[in-house]
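> Quick one: sequence and predicted model below, then my questions.
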Amino acid sequence: MSGGHFDYRDSYLGYIAEQLEQDVEFNDIEDDIAMSSDEHYGFQHQPETIEFVKIMIEDLYKLRDLLREYDYCVSGDSTEQNFLAKARLVYPTRREEKC
């Protein structure tokens, strides 16, 4: 049964990535006492910080997807070869470094 190996906790990485996406989207909006409590505001991070956050978002989604593929593999819903194909796409340079 897919999803069981990590008790669906791998999906939490997607939630973190979504929160980071909101942080990027609203970064330039300053907090204002006149804003309603449900309005988003940002943290006014420097552009370099935002660039690193964007990299983290991409990495979180890649890791979530790879963990899901591994989960499918160990639960019998997919094959180890499918997992390896995905892992090689996600981590191509790491594989070359190990060889």
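Yes, it's here. For clarity, every value in this text was computed on a predicted model and none was experimentally measured.
> Need the three-state assignment for H45.
Of the three states, H45 takes coil under DSSP: H, G, I helix; E, B strand; the rest coil.
> What residues does it make contact with?
Shown in contact with H45 (CB atoms under 8 Å, 6 or more residues apart in numbering): 23, 27, 53. The C-beta positions use only the backbone N, C-alpha and C, and glycine is treated the same way.
> make it 7 Å
N27 (CB atoms under 7 Å, 6 or more residues apart in numbering).
> ok, the residue nearest to the spatial centre of the chain to A85 distance?
Nearest to the mean C-alpha position of the chain, by CA atoms, centre = their mean, lies L60 at 2.1 Å. Distance from L60 to A85, counting by CB to CB, to the nearest Å: 21 Å.
> Also E58?
Taking CB to CB, one finds E58 at 19 Å from A85.
> go on, S78?
S78 is 10 Å from A85, by CB to CB.
> Looking at these two, which is more packed in?
Neighbour comparison, S78 and A85: the larger count goes to S78, with 17 against 12 (by other CB atoms under 10 Å).
> secondary structure class for the residue nearest to the more buried one when sequence neighbours are not counted?
Leaving aside its sequence neighbours, S78 sits nearest to Y72 (CB to CB, 6 or more residues apart in numbering; 3.7 Å). Of the three states, Y72 takes helix according to three-state DSSP.
> Please work out how many residues are found near Y72.
By other CB under 10 Å, neighbour count at Y72 equals 18.
> how far away is L13 from G42?
22 Å.
> and if you look at Y15?
19 Å.
> Who has more neighbours out of these two?
G42 (16 against 11).
> And the pLDDT at the more buried one?
G42 is assigned 80 on the pLDDT scale.
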